[in-house]
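[1] return atomic coordinates for the entry below.
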Amino acid sequence: MSQTVQRAIQVLGQIAERPSSIEQIASFMGTHRSTALRTLQVLEAEQMVVRDSHNVFRLGRRVISLANAALENIDLRSVAAPFLTDLSHDVEHTIHLAMLEGDTVVYIDKREAKQTVRMYSRIGNTAPLHCTGVAKAIVAFLPPEDQERIASTIDYVAHTENTITSTGEYLSDLQATIERGYAIDHLEHEPWVNCIAAPVFEASGQVIGSVSITTTTLSCDYNTLLSMVPQLFKASFGISREFGWTGNSPNSDEV
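    Numbering: from 1, shown residues only. From the prediction side, this is the model:
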């Protein structure tokens, strides 16, 4: 990849995280202001960025158009959409849809809760594999050799006192997830967030994604969240069946 293209991609990533001035972009790039300006002018000409009256650059409409087009072409997202909406109406908490891309779990859709507290997650963000429900619900249903390979490569960063911090603990948690049929994030990624997540399967039985219900400790206690497992399964099973899956969860009697 040429240095010019690489810089442009890095600048887009920076502006996506935080709208920035020319000076801020130059500092981020580690270059002179003139070099940063040239990169921004190219992106601006292609409508990838736009500047406001204060010379602060934000993502342009072409980036948004490309992102939307890419998301619309993900079959899982379009198939799951009505199930996510129904689940959101049923439980009134934040709903996530995630999928596996290589060894990375990515959020591809979301329904916000009616409460005013917003979750950190955004569509397109990756989910830490060892401490989020959506990720554990996917990894748990991969072939054992893939589980072990992924588990051995994780950097077990302790986000809270409940975070899993070792390969052995992680593999044990994945086994418990299989037995339950759903994954749990009990204050593991953020000290005020709980989550339950269930896998989504295609016709062959291969896991292709996961659906989660996420709550804050202010909006819902942990035991109440666990009582929503039947609604969660209704959504994950429904999506899976749209893909031709005919299997059963270990707790299918809860649906």
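[2] which element follows the host helix or strand of G13 toward the C-terminus?
    Assigned by DSSP states H and E, G13 belongs to helix 3-17. Counting by DSSP H and E, the element after helix 3-17 in chain order, helix or strand, is strand 20-21.
[3] so what strands line up beside that next one?
    Sheet pairing here is set by DSSP bridges, and for strand 20-21 it gives strand 56-59 (antiparallel).
[4] hang on, the earlier thing: which strands or helices does the helix holding G13 pack on?
    Counting by 3 or more Cβ pairs under 8 Å, 6 or more residues apart in numbering; DSSP states H and E, the packing neighbours recorded for helix 3-17 are helix 22-29, helix 33-45, strand 49-51, strand 56-59. All C-beta atoms are positioned from the backbone trio N, CA, C, and that covers glycine.
[5] now name the helix or strand holding N68.
    Residue-wise, N68 maps onto helix 61-72 under DSSP H and E.
[6] output that helix in PDB with nothing but the alpha carbons.
    The C-alpha trace of helix 61-72 is given here as PDB (Å, rounded to 0.1, in the frame of the first residue of the first chain):
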ATOM      1  CA  ARG A  61     -21.500  11.900   2.400                       C
ATOM      2  CA  ARG A  62     -19.600   9.600   0.100                       C
ATOM      3  CA  VAL A  63     -18.200   7.700   3.100                       C
ATOM      4  CA  ILE A  64     -21.600   7.400   4.600                       C
ATOM      5  CA  SER A  65     -23.100   6.200   1.300                       C
ATOM      6  CA  LEU A  66     -20.300   3.600   0.900                       C
ATOM      7  CA  ALA A  67     -20.800   2.400   4.500                       C
ATOM      8  CA  ASN A  68     -24.500   2.100   4.100                       C
ATOM      9  CA  ALA A  69     -24.100   0.200   0.800                       C
ATOM     10  CA  ALA A  70     -21.700  -2.200   2.400                       C
ATOM     11  CA  LEU A  71     -24.000  -2.900   5.300                       C
ATOM     12  CA  GLU A  72     -27.000  -3.300   3.100                       C
END
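[7] quick one: residues in contact with that helix.
    Applying Cβ atoms under 8 Å, 6 or more residues apart in numbering, the contact partners of helix 61-72 are 12, 16, 46-50, 77-78, 108-109, 123-124.
[8] try 6 Å this time
    47-48, 77 (Cβ atoms under 6 Å, 6 or more residues apart in numbering).
[9] re the thing from before, need the winner for burial among the helices and strands packed on helix 3-17.
    With neighbours defined as mean count of other Cβ atoms under 10 Å, the helices and strands packed on helix 3-17 peak in mean count at strand 49-51, which reaches a mean of 20.
[10] on that earlier part again, mind putting the helices and strands packed on helix 3-17 into CSV with mean pLDDT and distance to N223?
    Output for these, formatted as CSV (pLDDT from 0 to 100; distance: least, Cβ to Cβ, whole Å):
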stretch, mean pLDDT, distance to N223
helix 22-29, 92, 45
helix 33-45, 91, 50
strand 49-51, 93, 47
strand 56-59, 93, 41
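[11] can I get the ones you listed in TSV including distance to I95?
    Listed next are those as TSV, based on distance: least, Cβ to Cβ, whole Å:
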stretch	distance to I95
helix 22-29	34
helix 33-45	34
strand 49-51	31
strand 56-59	25
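[12] what's the closest of those to M99?
    Proximity to M99 (Cβ to Cβ) singles out strand 56-59 among those, at 22.9 Å.
[13] other residues contacting the closest one?
    In contact with strand 56-59 (Cβ under 6 Å, 6+ apart) are residues 15-16, 19-21, 40, 49-51.
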